[in-house]
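Enquirer: Here's a sequence, model it:
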Amino acid sequence: MPVLTPVNTLDPPLNLPGVAHAICATDGNFMYEEARRQYELRAHMANRPIDAANEEAQTRAAARRQYVACLSSQGYRIVYDR
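Expert: Numbers count the residues shown, from 1 in each chain. Sure, this is the predicted structure:
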């Protein structure tokens with residue numbers, strides 16, 4: 001689990017970090033599946049073969065964007081140790 005820090009200390013986040021992570025991970029997983037379905041539909045409509053690497057990159061990016069947006073709406077930002 002990434003380290004979640006509150007965006008504003010004067011206005012506390014909606015949920016505890018573990019709860020927010022669980023909610024947003026679920027949203028991200030749903031977006032992953034939806035992005036995969038959309039990619040396959042677009043490839044089928046354009047009559048192109050599915051590029052598995054490109055599909056995976058796009059679906060992972062969509063899931064990540066959804067996860068980060070969800071955490072932001074919960075009042076958190078992600079901090080990574082490097």
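
Enquirer: Poorly predicted segments of the protein, please.
Expert: Where the chain drops to pLDDT under 70, the residues are 1, 81-82.

Enquirer: Return the distance of Ala53 relative to Leu16.
Expert: 37 Å (Cβ to Cβ, to the nearest Å). All C-beta atoms are positioned from the backbone trio N, CA, C, and that covers glycine.

Enquirer: Name the residue in these two with the higher neighbour count.
Expert: The residue with more neighbours, out of Ala53 and Leu16, is Leu16; 12 against 7, by other Cβ atoms under 10 Å.

Enquirer: Quick check: which element contains the closest residue to Cys24 other than its chain neighbours?
Expert: What sits nearest to Cys24 in space, not counting adjacent residues and going by Cβ to Cβ, 6 or more residues apart in numbering, is Cys70, at 3.7 Å. Using DSSP states H and E, Cys70 falls within helix 52-74.

Enquirer: contacting residues around the residue lying farthest from the centre of the chain?
Expert: The centre of the chain is farthest from one residue, Asn47, which by Cα atoms, centre = their mean lies 28.4 Å away. With contact set as Cβ atoms under 8 Å, 6 or more residues apart in numbering, Asn47 has no partners.

Enquirer: Wait, a strand at it?
Expert: No - assigned with DSSP: H, G, I helix; E, B strand; the rest coil, Asn47 falls outside any strand and is coil.

Enquirer: Relative to His21, how far out is it?
Expert: 40 Å.

Enquirer: Could you do Arg65 as well?
Expert: Relative to His21, Arg65 is positioned 16 Å away (Cβ to Cβ).

Enquirer: ok, now Met45?
Expert: Per Cβ to Cβ, Met45 is found 36 Å from His21.
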